[in-house]
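# Okay, here's the prediction I keep looking at, along with the sequence it came from:
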Amino acid sequence: MKLSREQAEKLALEYVNKDTNENYKLILISIEISKFSPKYWAVAFEVRTSEDHVLEGPLLILVDDNLEKAMSLDEAVEAHLANGDV
């Protein structure tokens with residue numbers, strides 16, 4: 001892995017915080033190398049309301065170790081299909 005855990009966490013936090021909203025907050029709950037593809041860091045967030053109630057979760061963000069880029073699960077699947085990695 002090129003990225004350290006701290007670097008992957010920083011990229012994931014920057015990704016999720018680019019569209020912040022005062023009605024909810026994202027709480028980091030885990031970060032680990034993906035069990036399905038070791039080229040990704042899997043970062044999970046819990047979505048909480050401003051009153052601290054769990055709204056949704058977990059929200060999964062993947063950090064591509066090769067590209068050093070965070071993306072949603074949908075974006076990762078699209079990239080995977082576009083590259084013919086099926």
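Received, thanks.

# how about low-confidence regions in this protein?
Scanning the chain for pLDDT under 70 picks out the ranges 84-86.

# mind listing the strands for it?
24-33, 40-49, 54-64, 69-72 (DSSP state E).

# What is the burial count for Asn66?
Counted with other Cβ atoms under 10 Å, the neighbours of Asn66 add up to 10. Every C-beta, even on glycine, is put in place using the N, C-alpha and C of the backbone.

# Oops, could you answer that again for Pro58 instead?
16.

# Now distance to Gln7 too, for the strands of the chain, in TSV please.
Below are these laid out as TSV (distance: least, Cβ to Cβ, whole Å):
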stretch	distance to Gln7
strand 24-33	11
strand 40-49	9
strand 54-64	8
strand 69-72	11
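
# can you tell me how far the residue most central in space within the chain sits from Tyr24?
Centroid-nearest residue in the chain: Ile61, 1.6 Å away (criterion: Cα atoms, centre = their mean). For Ile61, the distance to Tyr24 (Cβ to Cβ, to the nearest Å) stands at 15 Å.

# what is the residue nearest to the centre of the chain paired to in the beta sheet?
Val43, Ser72 (DSSP bridges).

# In this structure it contacts Met71, no?
Yes. Ile61 lies in contact with Met71 (Cβ atoms under 8 Å); the separation is 7.1 Å.

# what residues do those two have in common as contacts?
Residues touching both Ile61 and Met71 (Cβ atoms under 8 Å, 6 or more residues apart in numbering): Tyr15.
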